[in-house]
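Engineer: got a structure for you, letters missing:
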Ligand SMILES: Cc1cc2nc3c(=O)[nH]c(=O)nc-3n(C[C@H](O)[C@H](O)[C@H](O)COP(=O)(O)OP(=O)(O)OC[C@H]3O[C@@H](n4cnc5c(N)ncnc54)[C@H](O)[C@@H]3O)c2cc1C
């Protein structure tokens with residue numbers, strides 16, 4: 001009998017647990033430890049922001065998403081002691097044979113002077129709902145959408161957010177008295193996806209009259225005078241500020257001996273193994289360097305995205321299953337990712353490609369259209385459906401759509 005403990009019940013944790021449960025016999029224990037009882041679907045925060053969803057539409061009990069033989073422990077993980085093969089949660093110890101760490105990334109607005117929990121963001125469930133209320137009453141003026149630092153989750157989301165804000169203010173009739181600006185320390189949109197995608201997104205921003213300001217590193221915010229101060233690049237006065245706050249690994253990861261000098265967990269890109277035997281890290285808390293582009297001064301890392309958390313979870317679960325069943329653990333992670341990129345007006349683009357491609361990632365953007373927006377809605381329905389008939393139904397629909405459109409959606 002083996003015990004597999006999964007830390008975190010977000011995208012990576014849920015997929016790992018369900019995959020393991022379908023691979024292993026009942027004699028093995030699959031334990032998932034998660035601090036929240038409810039699971040919220042982060043890609044839908046954008047629709048919460050623009051009013052297309054209400055809070056209750058995008059949040060479901062975590063238990064409903066997990067297969068029966070996954071034991072869920074509702075607790076906060078406070079220690080990972082890999083040497084002794086144990087973790088502690090709410091002060092209680094749990095021993096494991098295999099450990100999968102999928103604790104995601106935390107937001108740390110306090111890292112930038114002038115930012116705090118009251119600054120608008122669509123990167124949290126509460127924040128997206130609050131921003132919607134503000135947008136409803138926004139009379140027009142200067143909107144600044146600011147990517148405060150790297151890395152951040154989902155390289156496309158800030159761009160989608162800016163386009164949905166543009167769409168919302170157009171429908172509200174205040175677009176003509178509004179300027180929308182997007183500031184980022186990146187040299188182009190989604191640099192990690194390569195130049196082709198970056199150019200495509202810049203063109204869409206241009207058409208929507210969203211002013212794009214690359215290579216702008218936010219230094220601080222003066223909320224009183226509504227000024228953004230950039231590192232060596234002057235300042236900008238805003239009326240409405242929407243920030244993608246700095247990200248950091250959860251505290252329990254940062255204080256563990258697995259953390260690298262930035263706090264994330266270094267893993268082998270193919271197997272997601274950490275430096276400790278039978279301990280794996282997947283998803284946002286893992287740090288995966290992109291092959292062929294490793295320059296310590298300008299590190300290029302695999303983006304933090306649900307699509308990769310999902311693929312990595314499957315690789316790790318299958319390899320743990322194989323190891324337990326005495327087979328060769330030979331599954332490897334290939335970073336073929338995709339994303340439906342919301343562009344407003346109920347339209348979306350579809351970006352896909354190989355993030356491990358050389359000399360740079362080969363990611364393309366399919367032309368923006370209605371079908372990718374519908375695909376994103378179906379994806380949301382599939383993800384939030386309870387395990388069982390409804391989930392299977394949406395999976396079939398998505399697979400059929402994927403065949404018709406010829407896009408590589410792997411579920
Ligand atoms: C606005 C927005 C839009 C996005 N859109 C997309 C998209 O279109 N496509 C895409 O691929 N990705 C998207 N993402 C990114 C995606 O949501 C994340 O990359 C993905 O959820 C990462 O999965 P994970 O399992 O690593 O972490 P998470 O899903 O964040 O799960 C981590 C879990 O660990 C729990 N946890 C943390 N610390 C503790 C602790 N100490 N004890 C117990 N539990 C703990 C958390 O509560 C959480 O449930 C988006 C993100 C945002 C914010």
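Structural biologist: That came through fine. The structure displayed is predicted, hence computed values, not measured ones. Numbering: from 1, shown residues only.
Engineer: Have a look at the protein and report the helix or strand with the lowest mean pLDDT.
Structural biologist: strand 362-369 (a mean of 79; mean pLDDT, DSSP states H and E).
Engineer: what does that one contact?
Structural biologist: Outside of strand 362-369, the residues that reach it under the criterion C-beta atoms under 8 Å, 6 or more residues apart in numbering are 190, 193-194, 196-197, 200-201, 204, 337, 341, 343, 347-355, 357, 372, 407. (C-beta placed from N, C-alpha, C; glycine too.)
Engineer: Those in strands, which ones?
Structural biologist: 337, 341, 343, 347, 348, 349, 350, 351, 352, 353, 354 (DSSP state E).
Engineer: Now list the buried members of those.
Structural biologist: The neighbour count (16 or more other C-beta atoms under 10 Å) marks 337, 341, 343, 347, 348, 349, 350, 351, 352, 353 as buried among the ones in strands among the contacts of strand 362-369.
Engineer: Reformat those as TSV; add distance to the ligand and pLDDT.
Structural biologist: Shown next, in TSV, are these (distance: C-beta to the nearest ligand atom, whole Å; pLDDT from 0 to 100):
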residue	distance to the ligand	pLDDT
337	7	84
341	8	91
343	13	93
347	15	93
348	10	90
349	12	88
350	11	88
351	10	87
352	11	86
353	14	85
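Engineer: Make JSON lines out of those and add distance to residue 1.
Structural biologist: Rendered in JSON lines, the data for these read as follows (distance: C-beta to C-beta, whole Å):
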{"residue": "337", "distance to residue 1": "36"}
{"residue": "341", "distance to residue 1": "45"}
{"residue": "343", "distance to residue 1": "51"}
{"residue": "347", "distance to residue 1": "52"}
{"residue": "348", "distance to residue 1": "46"}
{"residue": "349", "distance to residue 1": "48"}
{"residue": "350", "distance to residue 1": "44"}
{"residue": "351", "distance to residue 1": "43"}
{"residue": "352", "distance to residue 1": "41"}
{"residue": "353", "distance to residue 1": "42"}
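Engineer: what residues are up against the residue in the stretch 1-150 of the chain positioned nearest to the ligand?
Structural biologist: Using C-beta to the nearest ligand atom, the closest approach of the stretch 1-150 of the chain to the ligand is made by residue 10 at 1.7 Å. Contact partners of residue 10, counting by C-beta under 8 Å, 6+ apart, are 34, 39, 102, 104, 283, 309.
Engineer: if we go to 7 Å?
Structural biologist: 102, 104 (C-beta atoms under 7 Å, 6 or more residues apart in numbering).
Engineer: and this protein, which of its residues are near the ligand?
Structural biologist: By the rule C-beta under 6 Å from any ligand atom, the part of the chain lying against the ligand is 8-13, 33-36, 42-43, 45-46, 76-77, 102-104, 122-123, 153-154, 157, 250, 252, 283-284, 304-307, 309, 339.
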